[in-house]
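In: build me a model from this:
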Amino acid sequence: MKKAIATPVGIETEHIEMTALEVSEREYEEDRFAAEKTRYINEEKFKGDRKAEYPPIGDQLDEIMKWLATETEVSVPAKLKSIAGLCMSVKSKYPKPEVL
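Out: The predicted structure follows:
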């Protein structure tokens with residue numbers, strides 16, 4: 001295995017053989033990187049899987065706002081009730097067209 005030696009700009013890069021220790025260190029780093037990449041993929045894959053299955057964020061928020069605006073059994077903070085009320089006002093102002 002060879003490594004590149006830094007040279008001044010405009011001079012061809014020189015490649016020399018790596019020592020056994022350098023090769024071993026390089027292989028260790030490559031293995032460590034591959035293991036970290038595999039771990040990351042395994043630990044983060046669920047996020048993409050979930051995202052693909054979730055309904056669009058607008059639909060999620062719409063349902064939350066509807067619930068907040070009409071909820072009577074749970075104590076909903078006034079600020080959230082206010083935001084939900086504003087959303088419901090906009091929905092009333094611009095109703096969804098009826099599908100024939």
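
In: phi, psi for Ile16 please.
Out: Per-residue torsions, Ile16: phi -130, psi 160 (degrees, to the nearest 10).

In: right, and it touches Glu22 too?
Out: No. At 10.1 Å, Ile16 and Glu22 do not qualify as touching, with contact defined as CB atoms under 8 Å. Using the backbone N, CA and C atoms, a C-beta is placed for each residue, glycine as well.

In: these two: which is more packed in?
Out: Glu22 (12 against 9; other CB atoms under 10 Å).

In: run a quick neighbour tally on Ala84.
Out: Neighbours around Ala84, by other CB under 10 Å: 19.

In: could you do Lys93 as well?
Out: 7.

In: neighbours of Glu19, how many?
Out: One correction, residue 19 is Thr, not Glu. 11.

In: longest helix of the protein?
Out: Scanning the chain for the helix with the most residues, using DSSP state H, yields helix 20-53.

In: same for that helix, what does it pack against?
Out: Where contact means 3 or more CB pairs under 8 Å, 6 or more residues apart in numbering; DSSP states H and E, helix 20-53 is not packed against any helix or strand.

In: tell me, how many residues neighbour Met65?
Out: Neighbours around Met65, by other CB under 10 Å: 19.

In: what strand or helix carries it?
Out: Assigned by DSSP states H and E, Met65 belongs to helix 57-70.

In: what number of residues lie near Ala83?
Out: Not Ala; residue 83 is Ile. 15.

In: and if you look at Thr70?
Out: Counted with other CB under 10 Å, Thr70 comes out at 10.

In: if I look at it, how far off is Met88?
Out: 9 Å (CB to CB, to the nearest Å).
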